[in-house]
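Asks: pasting a predicted model and its sequence here:
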Amino acid sequence: MKKILIAFVITLLSSASAFAAGQAHTNVGCGLGTMIFQNKADNSIILQAFQATTNGTSGSQTFGITSGTSECQQPSKIAQNEKLNQFVRANMDNLAKEIAMGKGETLDTFVEMLGVKGAEGDAFKTKLQANFSSIFTSDKIVMAEVIDNAVAVNNN
């Protein structure tokens, strides 16, 4: 009976590893473990378990997803938000001036990066101008607050 059970387990593991050969990245995701163990000839369940454990315990999977490294793809929303953050950080003074005026290239780019287009963009610029003091609440305001306040104005 033991021999039959052992033979069954070996058969199960070998067929699972043959099936999983192309599925490792799909099964365990991205991260350090995937990079270390990805090109092994015997891509078995045990190897995938090592990949998943390494990905989970090293923290590289979370970092890889947010940064687009470790063979992870960064979600487009994160990349878009990072570009918006960099833009506002670099153009904070011009953005304040142009929101106060209700027009300008920096304001046009800001509104476009927020995903507001066409006639809605023009209405949004007018709304931003009317709510300037709600967006730039102090001289020491930081970039993230400006973005959050502008989005809040758009949602009201």
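Replies: Noted; the coordinates are in hand. Numbering: from 1, shown residues only.

Asks: now Glu145: how far from Ile135?
Replies: 9 Å (CB to CB, to the nearest Å). C-beta here means a position set from N, CA and C on the backbone, and glycine is covered the same way.

Asks: so where is this protein shaky, pLDDT-wise?
Replies: Applying pLDDT under 70 to the chain picks out residues 1-29, 32-33, 37-43, 50, 55-80.

Asks: on that earlier part again, between Glu145 and Ile135, which one's more packed in?
Replies: Ile135 (22 against 14; other CB atoms under 10 Å).

Asks: just to check, that one is in contact with Glu98?
Replies: No - with contacts counted by CB atoms under 8 Å, Ile135 stays clear of Glu98, the gap being 11.6 Å.

Asks: count of residues packed around Leu47?
Replies: Other residues near Leu47 come to 19 when the count uses other CB under 10 Å.

Asks: and the helices in this structure?
Replies: For the chain, the helices defined by DSSP state H cover 2-20, 24-28, 32-37, 45-58, 60-67, 76-90, 92-101, 105-113, 118-130, 132-135, 143-155.

Asks: who's in contact with the residue nearest to Gly104 when sequence neighbours are not counted?
Replies: Distances taken as CB to CB, 6 or more residues apart in numbering place Glu98 nearest to Gly104, at 3.2 Å, with adjacent residues excluded. Taking CB atoms under 8 Å, 6 or more residues apart in numbering, we find Glu98 in contact with Gly104, Glu105, Thr106, Leu107.

Asks: if we go to 6 Å?
Replies: By CB atoms under 6 Å, 6 or more residues apart in numbering, Glu98 lies in contact with Gly104, Thr106, Leu107.

Asks: how is the protein partitioned into domains?
Replies: 2-67, 76-155 (automatic domain parsing).

Asks: how near is Lys97 to Gly104?
Replies: 7 Å.

Asks: so between these two, which is more surrounded?
Replies: Neighbour count, other CB under 10 Å: between Lys97 and Gly104, Gly104 has more, with 16 against 13.
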